[in-house]
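*Asks:* this one's sequence-less:
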């Protein structure tokens with residue numbers, strides 16, 4: 001992707017072999033019409049487009065001969081007026097359908113520079129295909145995006161800054177890298193190898209990386225991460241990444257769940273439920289790539305990311321139901337369900353982040369199956385303090401990512417009472433409000449434990465339903481890992497930079 005030429009111009013390129021012009025199709029008064037465009041298309045107006053198989057349905061595409069050996073691609077845009085996110089979706093759909101094209105020119109209606117950038121961003125996000133790592137490569141495989149495209153051009157009369165164009169490239173690259181990491185087989189990506197990847201890749205950015213291994217985790221009282229990881233032969237890690245520009249005025253802390261594979265531990269999952277559990281480290285991959293994107297964009301906001309990495313395995317050393325552990329902030333937890341492990345590693349990460357007294361903490365996690373039951377596969381659950389929720393909602397809206405604010409009912413806290421610890425990690429025998437109960441648990445580890453301490457702004461994103469797309473690709477969402485929430489996190493950081 002780094003070699004793809006990106007441009008926004010009012011000048012219409014000449015036609016030539018290998019160049020594709022993309023024009024939108026919609027329906028008005030039950031008739032197919034082309035969306036406003038700049039290219040000369042008089043020949044198309046003489047054709048019965050419906051009879052030739054053209055459709056305004058999203059994801060549909062039809063090809064016709066263009067000038068001087070080029071191709072005209074008519075892409076279905078639905079029946080609604082195109083906004084920023086629908087422009088992303090249409091552009092991404094076109095790129096996916098035009099597999100093998102070299103140069104793509106988008107001739108879509110753009111009312112302002114944000115519309116033009118949305119087209120570029122969507123096209124880049126749609127230009128993804130995971131190249132599976134070969135097991136005997138043992139980490140040498142290089143998952144990547146499709147590289148057949150050499151240039152993407154948006155035709156627009158609006159002036160688009162080079163910074164805005166570069167932002168679209170940085171965001172797409174970071175989303176692709178999240179997808180690559182999440183799609184990687186779990187025999188190749190585990191806590192130690194993940195930490196090694198961070199150490200190597202982060203050298204190209206203005207960030208500082210600290211990796212805590214077992215001895216340091218014990219010294220640092222990270223009881224949740226240690227407990228979850230103690231059943232695996234591949235020990236846990238906590239990776240702390242810091243970006244601290246000199247002119248920063250605010251501090252954003254990001255915490256990501258990084259369970260590189262989740263069997264459920266002693267509370268083992270059914271076989272069918274275990275398939276796909278390599279995705280359980282999506283939160284960590286997201287906050288990792290978010291801070292690198294923020295650093296690449298040189299945003300004047302301080303950011304600290306915590307990657308809470310462990311592999312949840314059953315063995316003679318694994319944590320047991322009824323074990324009591326102590327989290328970094330001093331609170332004790334009775335573990336009643338070892339498959340409710342994500343909240344245990346996040347508890348440590350949230351405790352550590354709270355010690356920094358940041359302006360905002362956001363945690364990201366594939367936390368509960370209940371989130372998917374409640375909100376499906378396209379909406380991420382959002383919980384937290386009102387100011388933090390408002391900031392994330394606004395950033396998600398600007399990014400075109402779907403979130404839904406869910407409550408943290410105070411009355412649910414008593415369901416986690418236990419006689420032997422400060423709190424239990426689950427309520428055995430009840431599935432009511434499981435997503436909310438997890439959020440209530442996490443709230444116990446947010447903020448300082450000192451008397452009179454200022455309340456901590458905090459948002460929790462449960463992306464269990466949105467991190468992985470099991471169905472066919474649509475818009476800029478591929479099959480498999482989606483990279484959801486990264487663009488929202490970067491947009492939050494941009495808001496804190498102003």
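*Replies:* Nice, thanks for sending it over. Predicted, not measured: the structure shown is a model, and the values here were computed from it. Numbering: from 1, shown residues only.
*Asks:* Name the residues of the least confident helix or strand in the chain by mean pLDDT that are buried.
*Replies:* The helix or strand of the chain with the poorest confidence is helix 42-45; it has a mean of 85 (mean pLDDT, DSSP states H and E). Going by neighbour count (16 or more other CB atoms under 10 Å), the buried part of helix 42-45 is residue 44. All C-beta atoms are positioned from the backbone trio N, CA, C, and that covers glycine.
*Asks:* Next secondary structure element downstream of that helix?
*Replies:* On the C-terminal side of helix 42-45, the closest following helix or strand by DSSP states H and E is strand 61-65.
*Asks:* Tell me the strands beside that next one, with direction?
*Replies:* The strands that strand 61-65 pairs with in its sheet are strand 71-76 (antiparallel) (by DSSP bridges).
*Asks:* thinking again about what came up before, just how off-centre is the least confident helix or strand of the chain within its chain?
*Replies:* With CA atoms, centre = their mean, to the nearest Å as the basis, the distance from the averaged C-alpha position of helix 42-45 to the chain average is 42 Å.
*Asks:* just for the stretch 1-150 of the chain, where's the confidence low?
*Replies:* With pLDDT under 70 as the threshold, the stretch 1-150 of the chain has low-confidence stretches at 1-2, 132-147.
*Asks:* Strands of that one, residue ranges please.
*Replies:* Assigned by DSSP state E, counting those that start in this stretch, the strands in the stretch 1-150 of the chain fall at 5-9, 19-28, 31-34, 61-65, 71-76, 103-107.
*Asks:* I'd like those laid out as a markdown table, including mean neighbour count and distance to residue 120.
*Replies:* As requested, the strands of the stretch 1-150 of the chain are exported to a markdown table (neighbours: other CB atoms under 10 Å; distance: least, CB to CB, whole Å):
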| stretch | mean neighbour count | distance to residue 120 |
| --- | --- | --- |
| strand 5-9 | 17 | 6 |
| strand 19-28 | 21 | 12 |
| strand 31-34 | 15 | 21 |
| strand 61-65 | 15 | 19 |
| strand 71-76 | 23 | 15 |
| strand 103-107 | 24 | 8 |
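*Asks:* between those strands, which gets nearest to residue 354?
*Replies:* Taking CB to CB, strand 5-9 is the member of these nearest to residue 354, at 40.0 Å.
*Asks:* who does that closest one pair up with?
*Replies:* Strands adjacent to strand 5-9 in the sheet, as given by DSSP bridges, are strand 151-155 (parallel).
*Asks:* Tell me the bridge partners for the residue nearest to residue 463 when sequence neighbours are not counted.
*Replies:* Beyond its immediate neighbours in the sequence, the residue positioned closest to residue 463 (CB to CB, 6 or more residues apart in numbering) is residue 380, lying 4.8 Å away. Residue 380 forms beta bridges with residue 403, as assigned by DSSP bridges.
*Asks:* Residue 380 reaches residue 403, doesn't it?
*Replies:* Yes. Shown here, residue 380 and residue 403 form a contact pair, counting by CB atoms under 8 Å, at 4.9 Å.
*Asks:* shared neighbours, the two?
*Replies:* Common contacts of residue 380 and residue 403 (CB atoms under 8 Å, 6 or more residues apart in numbering): 396, 461.
*Asks:* For the stretch 201-350 of the chain, which segments count as helices?
*Replies:* 214-219, 223-229, 271-274, 282-296, 342-355 (DSSP state H, counting those that start in this stretch).
*Asks:* mind checking which of those helices is nearest residue 183?
*Replies:* Proximity of these to residue 183 was assessed by CB to CB; the nearest stretch is helix 282-296, lying at 10.0 Å.
*Asks:* what pLDDT, on average, does that closest one get?
*Replies:* Mean pLDDT, taken over the full extent of helix 282-296, equals 98.
*Asks:* again with stretch 475-486
*Replies:* When the per-residue pLDDT values of stretch 475-486 are averaged, the result is 97.
*Asks:* in that stretch, what's buried?
*Replies:* 475, 476, 477, 478, 480, 481, 482, 483, 484, 485, 486.
*Asks:* show me the contacts for residue 181.
*Replies:* Listed by CB under 8 Å, 6+ apart, the contact partners of residue 181 are 189, 194, 197, 281, 285, 288, 289, 481.
*Asks:* my guess is residue 305 meets residue 256, correct?
*Replies:* Yes. Using CB under 8 Å, residue 305 and residue 256 qualify as a contacting pair, with a distance of 7.0 Å.
*Asks:* shared neighbours of the two, anything?
*Replies:* Jointly contacting residue 305 and residue 256 under the rule CB under 8 Å, 6+ apart are 287, 288.
*Asks:* rewinding a little: looking at the strands of the stretch 1-150 of the chain, which is closest to residue 238?
*Replies:* With CB to CB, the closest approach to residue 238 among the strands of the stretch 1-150 of the chain belongs to strand 5-9: 37.0 Å.
*Asks:* can I get the contacts of residue 181 in JSON lines with distance to residue 116?
*Replies:* JSON lines is the format used below for those (distance: CB to CB, whole Å):
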{"residue": "189", "distance to residue 116": "37"}
{"residue": "194", "distance to residue 116": "37"}
{"residue": "197", "distance to residue 116": "34"}
{"residue": "281", "distance to residue 116": "35"}
{"residue": "285", "distance to residue 116": "29"}
{"residue": "288", "distance to residue 116": "30"}
{"residue": "289", "distance to residue 116": "25"}
{"residue": "481", "distance to residue 116": "28"}
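*Asks:* most neighbours, which of these?
*Replies:* For the contacts of residue 181, the largest number of neighbours (other CB atoms under 10 Å) sits with residue 281, at 34 neighbours.
*Asks:* Just give the closest residue to it, not the sequence neighbours.
*Replies:* Nearest in space to residue 281, with sequence neighbours left out and distances taken as CB to CB, 6+ apart, is residue 258 at 4.4 Å.
*Asks:* starting at the chain centroid, how far to stretch 396-415?
*Replies:* Per CA atoms, centre = their mean, the displacement of stretch 396-415 from the mean C-alpha position of its chain is 17 Å.
*Asks:* Quick one: residues in contact with it.
*Replies:* Contact with stretch 396-415 is made by 84-85, 88, 118, 374-375, 378-384, 389, 392-393, 427, 430, 433, 435-437, 439-440, 443, 461, 466, 484-485, 487-488, 491, as judged by CB under 8 Å, 6+ apart.
*Asks:* Would you list the buried entries among those residues?
*Replies:* Looks like the contacts of stretch 396-415 have 84-85, 88, 118, 374-375, 379-384, 389, 392-393, 427, 433, 435-437, 439-440, 443, 461, 466, 484-485, 487-488, 491 buried, using 16+ other CB under 10 Å.
*Asks:* Those residues in helices, which ones?
*Replies:* For the buried ones among the contacts of stretch 396-415, membership in helices holds for 84-85, 88, 118, 374-375, 389, 392-393, 435-437, 439-440, 443, 487-488, 491, with DSSP state H as the criterion.
*Asks:* quick check: domain ranges of the chain?
*Replies:* Taking automatic domain parsing as the domain assignment, the ranges for the chain are 5-157, 171-497.
*Asks:* Tell me which of these sits most buried.
*Replies:* For these, ranked by mean neighbour count under the definition mean count of other CB atoms under 10 Å, the leader is domain 171-497 at a mean of 21.
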